[in-house]
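In: Any chance you could fold what I've pasted below:
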Amino acid sequence: PFGIFFAVLPAFYPHTFFLGLIIARSKMKCHLYPCVLLLLVCLGAISCESGTIPKKLRQDPDAHIKAAAERTFERGTILDPLAIQGRTLESYALYLPKDYLTGYTWPTVLFFDPKGKGRKPLELYKDLADQFGFILIGSNFSRNGKPMEEVLEHIKSLKHDLPAGIKVDPFRIFLIGFSGGARVAVADAMANGDVAGVVGCGAGFPQLKEDVELSFNYMAMVGRQDFNYAEFAVLDEELSARGSNHILIEFEGKHAWPDDKQMVEAFKWMTVYSYSQEEVIDMALMDSLYQSDVKHLLKIENSEDLRSIVQFYKKMISLYKGLAKVEEQEKRLEMLRSSSAYKAYESELKTVLGEEMKLRSQYTRKMAQKDNKWWGKEVVKIREEIRNQSNLIVKNSRKRLLAYLSISSFMQIEAALNREIGRAHV
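Out: Predicted structure coming up:
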């Protein structure tokens, strides 16, 4: 796993290339690998860290405590960390939109980052919160490796135990998670059934049982170079077979939080569900969102990306049926699905995904069998194929394969280190 990890790491953290090269060519003792890994992880963390603490909080480190005591919170500024009353080891980041007023309850998004960085999604999407009028809350407690029971109790507190100054509408709470955080969001929605919807980015569901009923709206978002992409293709088919109300949105990207231009689709989706369930529906708002989607559809309809066009048709029909005329979209969707070009695309994608999963299984078996030299050659071969490949479906598949090797080798190294630490404490 060390050989694979150092071979593929520069694709994700270029500044580690020379360090990896030194390690690969040296006769470093195995017992020094954990130290090197720690250094690499620290470098990666530094490079991935986003944003700084707002000036006001840097000057006054007790600002969040004062705000909680006064039950007043600054608008248009990320407040982080805020403690949960009675749960001293748990905290969250908060963003109130610039037009926030305490006389109303507000639709709210709870975010779950796999590393427990509640601030990160708030920095990415605060402009969307201002545009669409949402409270944003990012958990600093939920992260990969935390017992699910503890995380679900934490989410319950985020929903019900916030200070009075945060006016959350209990009927318009949405959960958005990335990677392991996406699975957390789905797990909570399945366990409690008290959320309006879930947006899962970069990872799907915990294992679905046949007798489980999905009582929430679901949007899946995944990059086409994400190593979890194949999972979403299977999930989409399974949810469709169940008749579940869900939407799949794909974009060009890797395993990461979607950027704000991609996430705007989720905020539109949440806005329609938030404001179309009221006794008096704001039809002007619905029409505005519908017309913006029509304009976007006109831009992509003549592209060769048939899969994205089909997904967008399905999104519009699911979202606006009963609120706007979608008969034309239904007719065009049926024509596109039955076209020979789309059928050929879907058939090729299914074949390539099958080959990809077979290669993943083979590589997994070889991780404990092959040495660094073999893995170095194999990674170079995959990169050469990516560079020379003109077929976008195959090119994306090979990028996902390289990403899979990176994360899989890292996880094996991490597991090995944890075993060593466990032995040291015995």
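In: Just the mean pLDDT for stretch 110-126, thanks.
Out: Averaging pLDDT along stretch 110-126 yields 98.
In: again with stretch 342-352
Out: 96.
In: same check, this time on stretch 263-277
Out: Across stretch 263-277, pLDDT averages out at 91.
In: Any buried residues in that stretch, and which?
Out: 263-276 (16 or more other Cβ atoms under 10 Å). Glycine gets a C-beta too; all of them are placed from N, C-alpha and C.
In: what do you get for stretch 337-357?
Out: Those would be Y342, Y345, L349, V352, L353, E356, M357, for stretch 337-357 by 16+ other Cβ under 10 Å.
In: re the thing from before, turn the buried residues of stretch 263-277 into CSV, columns for distance to D130 and secondary structure.
Out: Output for these, formatted as CSV (distance: Cβ to Cβ, whole Å; DSSP: H, G, I helix; E, B strand; the rest coil):
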residue, distance to D130, secondary structure
M263, 13, helix
V264, 12, helix
E265, 17, helix
A266, 15, helix
F267, 11, helix
K268, 15, helix
W269, 18, helix
M270, 14, helix
T271, 13, helix
V272, 18, helix
Y273, 19, helix
S274, 16, helix
Y275, 17, helix
S276, 21, coil
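In: Out of those residues, which comes closest to N396?
Out: Nearest to N396, judged by Cβ to Cβ, of the buried residues of stretch 263-277 is E265 at 20.0 Å.
In: Give me the distance between that closest one and V310.
Out: According to Cβ to Cβ, to the nearest Å, E265 and V310 sit 15 Å apart.
In: Same list, the buried residues of stretch 263-277, but as a markdown table with distance to F174 please.
Out: A markdown table is the format used below for the buried residues of stretch 263-277 (distance: Cβ to Cβ, whole Å):
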| residue | distance to F174 |
| --- | --- |
| M263 | 12 |
| V264 | 14 |
| E265 | 13 |
| A266 | 8 |
| F267 | 9 |
| K268 | 12 |
| W269 | 9 |
| M270 | 5 |
| T271 | 10 |
| V272 | 12 |
| Y273 | 8 |
| S274 | 8 |
| Y275 | 13 |
| S276 | 14 |
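In: and which of the buried residues of stretch 337-357 is nearest H154?
Out: When the buried residues of stretch 337-357 are ranked by distance to H154 (Cβ to Cβ), M357 comes first, at 34.3 Å.
In: pretty sure G138 belongs to a strand, no?
Out: Yes. Judged by DSSP: H, G, I helix; E, B strand; the rest coil, G138 forms part of a strand.
In: That one bridge partners, please.
Out: G138 has these beta-bridge partners by DSSP bridges: A93, F111.
In: okay but it is in contact with K115, surely?
Out: No. Using Cβ atoms under 8 Å, G138 is not in contact with K115, being 11.4 Å away.
In: Looking at the two, which is more packed in?
Out: The neighbour comparison of G138 against K115 (other Cβ atoms under 10 Å) goes to G138, with 31 against 16.
In: what's the distance between that one and G202?
Out: 16 Å.
In: Can you list the strands that the lengthiest strand in the chain pairs with?
Out: The single longest strand within the chain, with elements called by DSSP state E, is strand 168-178. The pairing partners recorded for strand 168-178 under DSSP bridges are strand 106-112 (parallel), strand 197-201 (parallel).
In: neighbouring strands for the following helix or strand past the last one, and are they parallel or not?
Out: The reference is to strand 197-201. Sequence order places strand 217-223 as the next helix or strand after strand 197-201, per DSSP states H and E. Strand pairing for strand 217-223, using DSSP bridges, gives strand 197-201 (parallel), strand 246-251 (parallel).
In: most packed of the ones you listed?
Out: Per residue and on average, the most neighbours among the strands paired with strand 217-223 fall to strand 197-201, with a mean of 27 (mean count of other Cβ atoms under 10 Å).
In: what about that one, average pLDDT?
Out: Mean predicted confidence for strand 197-201 is 97.
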